[in-house]
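Visitor: Structure of the sequence below:
(2 chains, ligands or ions: 2)
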Amino acid sequence: METVKITNLSKKFRRYHQKSSNIKYAVLNLFKGFGSSRHEDFYALKHINLSVQQGETVGIIGENGSGKSTLLKLIARILFPDEGTIETKGKIATLIELGAGFHDELSGRENIYVNASLLGFKKKEIDDKIDEIIEFSGLKHFIDNPIKTYSSGMYLRLGFSIAINVNPDILLIDEILAVGDENFQKKCFERIEEFKDKGKTILIVSHDLNVIERMCDRVILIDNGQQFSKQDPVEAISEYHKRLFQKRKQALRLGPDKTAVETSGEMRTLTATQFNRWGSREAEITSVKFFDDQGNETYDFRTRDHLKIRMDYHAKKLIKKPVFGIAVYTEDGVLLTGPNTRTGDCDIDVIQGQGSVEYVMESVPFLPASYLFTVSIYDHSLRHAYDHLEKCLVFNVVESRKVKDKFGTLHIPAQWRHVKKGKPEPR
Amino acid sequence: MIQKLKEIYQYRFLVLSLVSRDLKVKYKGSVLGFFWSLLNPLVMLAVYTVAFKYIIKVRVENFPIFFLCAFLPWSYLNASLSMSVGAIKDNGNLVKKVYFPREVLPLSVVLSNLVQFLLTFLILIPALLFFKIDLGLALLLLPLVILFQTGFNLGLSYFFSASHVFFADIKHLLEIFLQIWFWLTPIIYPVSFIPEKYLVLYKLNPAVWFVEGYRSLLLHNKGIPFQECVLLFLIGAVFFLFGHLFFNYKNKRFAEEI
Ligand SMILES: Nc1ncnc2c1ncn2[C@@H]1O[C@H](COP(=O)(O)OP(=O)(O)O)[C@@H](O)[C@H]1O
Ligand SMILES: [Mg+2]
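Guide: Ligands and ions are numbered 1, 2, ... in the order given. Below you'll find the model as predicted:
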């Protein structure tokens, strides 16, 4: 049975030049033909077609701003389509953002009632479920405290417990499983698996491609509001990497600041909307720069060159024991290395205000190719992200005379030796 | 439309919990909470009594009751509108992230004000008895008038809360509009004060009909002529319908405009 059917769906948003929500502009607009001059429409989604069968888990991937959340919100009926139709069968529960619909002043228990009633449940139905919900969330001891005292992980626990225990037919999940500790994440995934086995439908947006690949029967890649034709998980994910890489590369070639990206004819700076970025942002990465041994900024290196990466940060409040980390990926998204200050024995006690962290490679171990670069700040347990900029930069390694290796990805400092055995043949 | 109403009915528990939360928040933390809310009409009553008796020296028979019969329904209208105008936008967090019939938001504001309005009868009825006003069969019509007024309030609340999403300034306009409206409604003066030639125009104000209806029932212990009953019904129904349709039309872009 088809539980979600989307036919030729398009969604326009308005981009205001000057937000015209006051009377002066409203009156002005009346004279100029209502609302015609102050905004322009742009398509956040274009001609999307999707049919999801009961029991399927479908992943949605794409860069930030490509329209993933918009698609989920359309399915959830929070937004309305401009063209095309969406048909759904059964009750929908959404996990679109942390603690949507929670009230800080109310206790966890009261919030369960409010939240479940938002999903259309009656008091009696919630009465029947509430023990199960509290049990699953593991918040028994906190459930009567006001939820303003909860941590973000606890928020997620509560929200997830409600959404999954109200027994919806369709579950929509948007980038939220990244929060919360590993234990609870595991519990969530188990529950989602169970949910799948019961023949329910799941649509999930996640920047964690491993999760997507593991869980999903099909994957929809959305790029700039348009959908990639193939929905096979492996194909969609590798296409995603390919396109991501193309864009980063282009980003680097354009403009003197090497962060401008050319999209649909207009210049936009490479900001948080252009790649996946997440975290609570108490501390932020403000800039990432690469330098050669002379101290010149560059993004082209040769194998065995000296490379220095400088990450500037801004911590809005005092943060104890932060961990800075980087990661380097190949063009197809294979992780080559992921060192951090904790494993690198560079413990940082506290940060507050501005500062920078450097990572120096005495000898670049990569063979000629282009590489994607990730940078992040986590807490000491590596579970809570303050700021995570996923594949935000591309750097190149070019041919060098010093190294003639050609095959593979890495240049491993090593020597060849030939050991002769036996006598040489006499002539 | 029928479908929409059905859906709202399905979400009745949400309405209920929003109303009770609203009342809880209002009256929590002060034992006298409810009595504080009664204080406002009483203070207004005192102010206008003094003003009319001793300063302007206008005489209206039985002024306290005359005033309360109109002022309490007016407060219901006034509070419904000024509190519901922001109902959608102030709940942006919900509207942007969760699906539920959005009508629930202004609806629960109006209903919570309805409850408070009904509670104020706790002072009105003793006051009526104190001033030895006869109470009789006319009171049986009271629920109908309240129902029609609720339809009227609801329609306007739908209209203003939906408009507010697109034009924030409507909030300020509404405040001014309510001020003017107060004076254009026979709350502190009788309709007989209005010169004959303006009377037709004056009676275009729907609030006039409601106020007169309440007065006729409570103050004069008289029924309401059938035609006027029908008129009150029509006002309530038309405003409700118009508000509902307008709300549904605008509803499509709430989540993206907030
Ligand atoms: N309410 C809105 N008004 C105008 N533009 C919006 C609105 N919501 C999203 N957009 C735009 O639509 C595009 C898609 O956004 P979104 O679906 O949130 O992307 P994603 O979830 O893939 O990161 C972005 O360019 C975003 O700026
Ligand atoms: Mg999103």
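Visitor: Next, count neighbours for residue 131.
Guide: All of this is about chain A. The number of residues packed near residue A:131 is 11, by other Cβ atoms under 10 Å in any protein chain shown. Placement of C-beta: from N, CA and C, glycine included.
Visitor: if you could check chain B rather than the one you did, that'd help
Guide: Neighbouring residues of residue B:131 were enumerated by other Cβ under 10 Å; the total is 13.
Visitor: Enumerate every residue touching residue 163.
Guide: Just so you know, I chose chain A. A:93-95, A:119, A:171 (Cβ atoms under 8 Å, 6 or more residues apart in numbering or on different chains).
Visitor: I was thinking of chain B, sorry if that wasn't clear
Guide: Neighbour list for residue B:163: B:170, B:250 [criterion: Cβ under 8 Å, 6+ apart].
Visitor: Same check on residue B:185?
Guide: Neighbour list for residue B:185: B:70, B:74, B:205, B:207-208, B:211 [criterion: Cβ under 8 Å, 6+ apart].
Visitor: Repeat that for residue B:9.
Guide: Residues in contact with residue B:9 (Cβ under 8 Å, 6+ apart): none are found.
Visitor: and the next element down the chain from the helix or strand where residue A:183 lies?
Guide: Per DSSP states H and E: residue A:183 is located in helix A:182-197. Per DSSP H and E, the first helix or strand lying C-terminal to helix A:182-197 is strand A:201-205.
Visitor: For that next one, what is the distance to the chain centroid?
Guide: From the chain centre to the centre of strand A:201-205 is a distance of 15 Å (Cα atoms, centre = their mean, to the nearest Å).
Visitor: Pull out the buried positions in the one helix or strand residue B:122 maps to.
Guide: Per DSSP H and E: residue B:122 is located in helix B:104-130. Within helix B:104-130, the residues that count as buried by 16 or more other Cβ atoms under 10 Å in any protein chain shown are B:104-114, B:116-117, B:120, B:123-124, B:127-128.
Visitor: now stretch B:40-53
Guide: B:41, B:44-45, B:48, B:52.
Visitor: Tabulate the residues you listed (CSV), appending pLDDT.
Guide: Shown next, in CSV, are the buried residues of stretch B:40-53 (pLDDT from 0 to 100):
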residue, pLDDT
B:41, 82
B:44, 85
B:45, 84
B:48, 85
B:52, 78
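Visitor: Closest one of these to residue B:146?
Guide: Proximity of those to residue B:146 (Cβ to Cβ) peaks at residue B:41, which lies at 16.6 Å.
Visitor: what sits against that closest one?
Guide: By Cβ under 8 Å, 6+ apart, the contact list for residue B:41 reads B:68, B:71-72, B:75, B:120, B:123.
Visitor: Can you pull the poorly scored residue ranges out of chain B?
Guide: Residues of chain B meeting the criterion pLDDT under 70: B:28-31.
Visitor: need the residues of it near ligand 1, please.
Guide: residue B:256 (Cβ under 6 Å from any ligand atom).
Visitor: Can you point out the helix or strand that includes residue A:357?
Guide: Per DSSP H and E: residue A:357 is located in strand A:350-361.
Visitor: so who does the closest residue to chain A within the stretch 1-150 of chain B touch?
Guide: For the stretch 1-150 of chain B, the nearest residue to chain A under the criterion Cβ to the nearest Cβ is residue B:97, separated by 3.5 Å. Neighbouring residues of residue B:97 by Cβ under 8 Å, 6+ apart: A:78, A:94, A:96-97, A:100-101.
Visitor: Recalculate using a threshold of 10 Å.
Guide: For residue B:97, the contacting residues are A:73, A:76, A:78, A:94-101, A:118, A:174, B:255, by Cβ atoms under 10 Å, 6 or more residues apart in numbering or on different chains.
Visitor: Spatially nearest residue to it (excluding sequence neighbours)?
Guide: Residue nearest to residue B:97 in three dimensions, not counting chain neighbours: residue A:100, with 3.5 Å by Cβ to Cβ, 6 or more residues apart in numbering or on different chains.
Visitor: what bridges to the residue lying closest to residue A:287 once chain neighbours are set aside?
Guide: Spatially, and ignoring its direct neighbours in sequence, residue A:287 is nearest to residue A:312 (4.5 Å; Cβ to Cβ, 6+ apart). Per DSSP bridges, the residues bridged to residue A:312 are residue A:287, residue A:356.
Visitor: and residue A:312, what pLDDT?
Guide: Predicted confidence (pLDDT) for residue A:312: 92.
Visitor: Against which helices or strands is the helix holding residue A:183 packed?
Guide: strand A:57-61, helix A:123-137, helix A:152-165, strand A:170-174, strand A:201-205, helix A:209-215 (3 or more Cβ pairs under 10 Å, 6 or more residues apart in numbering or on different chains; DSSP states H and E).
Visitor: do that again at 7 Å, thanks
Guide: On a contact count with 3 or more Cβ pairs under 7 Å, 6 or more residues apart in numbering or on different chains; DSSP states H and E, helix A:182-197 meets helix A:152-165, strand A:201-205.
Visitor: Can you list the buried residues in the first one?
Guide: Of the residues in helix A:152-165, those buried under the neighbour-count criterion (16+ other Cβ under 10 Å) are A:153-165.
Visitor: What angle do helix A:123-137 and it make with each other?
Guide: Helix A:152-165 and helix A:123-137 are oriented at 130 degrees to each other (axes from the mean of the first three to the mean of the last three Cα atoms, to 10 degrees).
Visitor: Can you name the residue of chain A nearest to chain B?
Guide: Counting by Cβ to the nearest Cβ, chain A gets nearest chain B through residue A:100, at 3.5 Å.
Visitor: hey, what's the residue nearest to residue A:335 when sequence neighbours are not counted bridged with?
Guide: Computed as Cβ to Cβ, 6+ apart, the closest residue to residue A:335 that is not its neighbour in sequence is residue A:329, at 5.6 Å. Beta-bridge partners for residue A:329, by DSSP bridges, are residue A:335, residue A:372.
Visitor: my guess is residue A:244 meets residue A:391, correct?
Guide: Yes. Using Cβ atoms under 7 Å, residue A:244 is in contact with residue A:391, at 6.2 Å.
Visitor: give me the element residue A:78 is part of.
Guide: Following DSSP H and E, there is no helix or strand that holds residue A:78.
Visitor: Doesn't residue A:394 belong to a strand?
Guide: Yes. Judged by DSSP: H, G, I helix; E, B strand; the rest coil, residue A:394 forms part of a strand.
Visitor: What is the neighbour count of it?
Guide: Using other Cβ under 10 Å: residue A:394 sits among 23 other residues.
Visitor: wait, what's in contact with the residue lying closest to residue A:129 once chain neighbours are set aside?
Guide: Distances taken as Cβ to Cβ, 6+ apart put residue A:165 closest to residue A:129, at 5.6 Å, once the chain neighbours are dropped. Residue A:165 makes contact with A:129, A:132-133, A:136, according to Cβ atoms under 7 Å, 6 or more residues apart in numbering or on different chains.
Visitor: now do residue A:396
Guide: Residue A:396 sits next to A:299-300, A:370 when contact means Cβ under 7 Å, 6+ apart.
Visitor: is it true that residue B:213 touches residue B:232?
Guide: Yes. Counting by Cβ under 7 Å, residue B:232 is a contact partner of residue B:213 at 5.9 Å.
Visitor: between those two, what contacts are shared?
Guide: Residues touching both residue B:213 and residue B:232 (Cβ under 7 Å, 6+ apart): residue B:145.
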